[in-house]
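[1] Sequence and predicted structure, then a few things I'm wondering about:
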Amino acid sequence: MTLAEDNGPERGGDDLLAAEYVLGVLPADERQIASRRIDTETAFARLVDAWEVHFAPMAAAYAAVEPPASVKVAIDRRLFASTASTSPAPGGSLWTSLAFWRGLAAAAIAALAVYVALPYVNPPVQPPRLVASLAADNSNVKYLAVYDAARHEVGLSLVSGDHGAGKDFELWMIEGKNAPVSMGVIPAGQTARMAVTPAVQQKLAQGAVLAVSLEPAGGSPTGQPTGPVVAAGDLKGI
Amino acid sequence: MAPQDISKLIVRTSMKDRAAFDLLYRQTSAKLFGVCLRVLKDRGDAEEALQEVFVKIWTKADRFAVSDLSPISWLVAIARNHAIDRIRSRRSPSANIDVALDVADPTPGPEAMAVAGGEAERIHHCLDELEQDRAAAVRGAYLSGESYAELAERFKVPLNTMRTWLRRSLLKLRECLER
């Protein structure tokens, strides 16, 4: 493969740019452009993420150095000094409210009523992002799910639990009394991203329930859950 | 602390749990300070960068859920990218190049290698397939945040040559990583 070929409009040029970004060699202006693209282009963000994963093992060479105590004091002052505004950076309202909702999901359903007005105070300008905390009685499996309508994907973060050898977790969408629809086997790892089909997208946007079942390796052989539901939860809007 | 525990702390931090954030800081700030110091090569600067890094972690912790990175790698990526942005915006980028050459050999010790496991062997194996100075350029760029301009100076080649070199190395790396 030649350099010229690889600079083509297909994946080559962007993939190399992603690698250069992660490596850190780009001059300030090119770095800024790349950084903006990470925020706005899913495909480019993925390329960057993949290179971060490739290069991450090199970070083992960074020696740990204890920072002076004054640093944490300064951080706390910046983040928490005025209790009136725990909301940190300008433009951070999406993140703040997202985390806010997760906190709610974890804390108490009762508190929901209090914040029902939130969407009116903070009207969403982006396509909807929905979050769900997935858990169940008699199970230590907990997932945090974020449905990103703009990217047509569900991001999953395993908070606790594991499926053990020879098993897999499978993700399901359940709408009302209809049979669960498989969204696929959850890829191994602490975090996973799963693409969402158009049919499921629509249901999710209307607030379907997500559930995780324990299945034989490779997923349910029947197309319906065969093992116990180890975690489930409602998607909530931001 | 196990990666899963760090994950939990990040997730709880995204729920604005201050106790979790404090613990996350205690568990990871030394590593992230090491990253800032290595890139910025100035204590005061690194301390300020570390503050900004943890402010970012507090505000963007929920992005972790959609990343493919392990928790500690995700945190390191935030610190590295922030430190590199910071050093790139400095006026004279090569002011401290001599200091950069003094820092310890970037090859990880056996302990670090063992922790990182198979994935680590792959990148190191692929780096070993490159010519020695090219691998050194990639490692130097990654660990110390050296720019193309600084690398060109260090290897005494024109800037464009440096860029061509490094991009060729990246292509070779990609080919090896995908093998």
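    Happy to help now that I have it. Residues are numbered from 1 along each chain as shown, chains lettered A, B, ... in the order given.
[2] And the one residue sitting closest to the centre of chain A, which helix or strand is it part of?
    Central residue of chain A (Cα atoms, centre = their mean): residue A:155, 3.6 Å from the mean position. Using DSSP states H and E, residue A:155 sits within strand A:153-160.
[3] Could you list the residues in contact with that strand?
    With Cβ atoms under 8 Å, 6 or more residues apart in numbering or on different chains as the test, strand A:153-160 has contacts from A:140-148, A:171, A:183, A:186, A:189-196, A:204, A:210, B:4, B:7-8, B:11, B:64-66. Backbone N, C-alpha and C define where each C-beta goes, glycine included.
[4] Pairing-wise in the sheet, spell out the partners of the residue nearest to the centre of chain A.
    Bridge pairing for residue A:155 (DSSP bridges) gives the partners residue A:146, residue A:193.
[5] Which pLDDT value belongs to it?
    We have a pLDDT of 88 for residue A:155.
[6] Next one: it from residue B:77, what distance?
    Plainly put, residue A:155 is 16 Å away from residue B:77 if you go by Cβ to Cβ, to the nearest Å.
[7] How about residue A:156?
    Residue A:156 sits 19 Å away from residue B:77, going by Cβ to Cβ.
[8] Tell me, what's the model's pLDDT at residue 124?
    Using chain A. Here the pLDDT value assigned to residue A:124 is 46.
[9] not what I meant, chain B
    pLDDT for residue B:124: 91.
[10] That one belongs to a helix?
    Yes. Assessed with DSSP: H, G, I helix; E, B strand; the rest coil, residue B:124 lies in a helix.
[11] does it really touch residue A:55, like I thought?
    No. Residue B:124 lies out of contact with residue A:55 (Cβ atoms under 8 Å); the separation is 10.9 Å.
[12] what's around residue A:18, how many residues?
    25 (other Cβ atoms under 10 Å in any protein chain shown).
[13] elements contacting the helix or strand hosting it?
    Using DSSP H and E, residue A:18 sits in helix A:12-23. Packing partners of helix A:12-23 (3 or more Cβ pairs under 8 Å, 6 or more residues apart in numbering or on different chains; DSSP states H and E): helix A:3-6, helix A:28-40, helix A:42-55, helix B:132-144, helix B:159-177.
[14] any chance of these in JSON lines, plus mean neighbour count, distance to residue B:53 and mean pLDDT?
    Below are the helices and strands packed on helix A:12-23 laid out as JSON lines (neighbours: other Cβ atoms under 10 Å in any protein chain shown; distance: least, Cβ to Cβ, whole Å; pLDDT from 0 to 100):
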{"stretch": "helix A:3-6", "mean neighbour count": "12", "distance to residue B:53": "33", "mean pLDDT": "44"}
{"stretch": "helix A:28-40", "mean neighbour count": "14", "distance to residue B:53": "15", "mean pLDDT": "92"}
{"stretch": "helix A:42-55", "mean neighbour count": "19", "distance to residue B:53": "16", "mean pLDDT": "93"}
{"stretch": "helix B:132-144", "mean neighbour count": "20", "distance to residue B:53": "17", "mean pLDDT": "93"}
{"stretch": "helix B:159-177", "mean neighbour count": "18", "distance to residue B:53": "26", "mean pLDDT": "93"}
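[15] Okay then, goodbye and thanks.
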